[in-house]
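**Student:** prediction below, plus the sequence it came from.
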Amino acid sequence: MDLDQDPLVAFLGLGLISGSLAGALKRGNWQADLIAWGPRAHSLERGLALGLIDRFSLDLPTIVAEADVIVIGAPPEATAQLLPEVLDLAAASGEPVVTDMASIKGVIVDAAGSAYPRFVPGHPIAGSENSGVGAAYPELFDGREVILTPSGATDTGALKIVERLWKTAGARITHMSVEDHDAALAASSHVPHMVAYALTSMLADHTLSPMKHGGGALRDMTRIAASDPLMWRDIALTNRDAILTAMEAMAQEHDHLRTLIAEADGDALETFFSRCREVRRKHDDILNPLTQRSEQTD
């Protein structure tokens, strides 16, 4: 592979994240073809019609044999199931770079094993409550973090190519260990989703139907409860231990806050809320990397 030229990229699975990456590469004037494979033609035809890919095939060995870079865009369990077959095909057909976008890394790295050094595990910290290639948009990764979790055995050339891919898409890159990634994302992403699901479930069962009377706070707190149930089922199961640890820490904070309210401790409540506001505002440049907006409340 000529490192001075853009490599041909194959997407295995074409949905919101992979379709947005394809669109971002097109926006960045990626010079090589973008191709795709999937088990069914519908999403691939849609991606072609939207101009996100140049062509597709339903035959996996054909796509792998043609690719310089393979991007697996599937939920965690589906990625873990597909990865061994992909790496076997890759080893037999020119050893392309292989990367993934699953939000759990432990189960993915375990599935990959250590025999293919040109596999680079990755996770873009970007998404939407919408799903499917029709929801893809090229700006999704602008200013967003992409975490790569290479090991000491990862091929450095492969790592540089994956970094180049994401930089072209407008992302910023961080390297982490697999263990640190899964623990950090359990706290920063997975538990917020669990909280949103629990809150939405409580509201759904409330006799006064509070969802009908919601404003901005309810909109923001429950937006991610509209996310893909299949993907979040996979995340909850594949990162179970780290999620349970983070949920326990969350429960302790919830119990502490409940005690302050029960005791009508106004000073302590104000201190608690002030600290949380300070922490949130301190990280606004990360959480809103392109749009600085004042905090609004109901």
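**Tutor:** Nice, I can see it.

**Student:** ends of stretch 126-133, what's the gap?
**Tutor:** For stretch 126-133, the separation between the terminal residues is 15 Å (CA to CA, to the nearest Å).

**Student:** mind listing what's buried in that stretch?
**Tutor:** By neighbour count on 16 or more other CB atoms under 10 Å, the buried set for stretch 126-133 is 126-128, 131, 133. (Glycine included, C-beta is placed from N, CA and C.)

**Student:** same question, stretch 74-86
**Tutor:** 74-80, 82-83, 86.

**Student:** in strands, which of the residues you listed fall?
**Tutor:** With strands taken from DSSP state E, there is no overlap with those.

**Student:** between those, which sits nearest A184?
**Tutor:** P76 (16.0 Å; CB to CB).

**Student:** what's near enough to touch the closest one?
**Tutor:** 102-104, 107-108, 231, 234-235, 238-239 (CB atoms under 8 Å, 6 or more residues apart in numbering).

**Student:** who wins on neighbours among those?
**Tutor:** Sorting the contacts of P76 by how many neighbours each has (other CB atoms under 10 Å) puts I104 first, at 30 neighbours.

**Student:** A112 versus that one, what's the distance?
**Tutor:** 13 Å (CB to CB, to the nearest Å).

**Student:** now I235
**Tutor:** 18 Å.

**Student:** same check on L21?
**Tutor:** To A112, L21 is 20 Å away according to CB to CB.

**Student:** kindly report the same for L185.
**Tutor:** L185 is 18 Å from A112, by CB to CB.

**Student:** go on, D100?
**Tutor:** 9 Å.

**Student:** find the residues that touch each one of the two.
**Tutor:** Taking CB under 8 Å, 6+ apart as the criterion, D100 and A112 both touch 83, 121.

**Student:** you'd agree F119 is up against T99?
**Tutor:** Yes: under the criterion of CB atoms under 8 Å, F119 makes contact with T99 at 7.2 Å.

**Student:** could you look up the SS state of I147?
**Tutor:** strand (DSSP: H, G, I helix; E, B strand; the rest coil).

**Student:** tally up the residues packed near it, please.
**Tutor:** 20.

**Student:** and D180, by the same measure?
**Tutor:** D180: 13 neighbours (other CB under 10 Å).

**Student:** and P229, by the same measure?
**Tutor:** 11.

**Student:** quick one: it from I235, how far?
**Tutor:** Using CB to CB, P229 is found at 11 Å from I235.

**Student:** what's the answer for V9, then?
**Tutor:** 25 Å.

**Student:** L83 too?
**Tutor:** In this view, L83 and I235 are 17 Å apart by CB to CB.

**Student:** now M101
**Tutor:** 13 Å.

**Student:** the helices in the chain, which residues?
**Tutor:** 16-27, 41-49, 60-66, 76-91, 106-112, 156-168, 178-185, 191-205, 216-222, 229-238, 240-262, 266-282, 284-287 (DSSP state H).

**Student:** then the last one to PDB, C-alphas only?
**Tutor:** Extracted as PDB, the C-alpha positions of helix 284-287 are listed here (Å, rounded to 0.1, in the frame of the first residue of the first chain):
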ATOM      1  CA  ASP A 284     -18.300  22.400  27.600                       C
ATOM      2  CA  ASP A 285     -15.600  22.700  24.900                       C
ATOM      3  CA  ILE A 286     -15.500  18.900  24.800                       C
ATOM      4  CA  LEU A 287     -19.200  18.200  24.900                       C
END
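
**Student:** distance between it and the chain's centre?
**Tutor:** 17 Å (CA atoms, centre = their mean, to the nearest Å).
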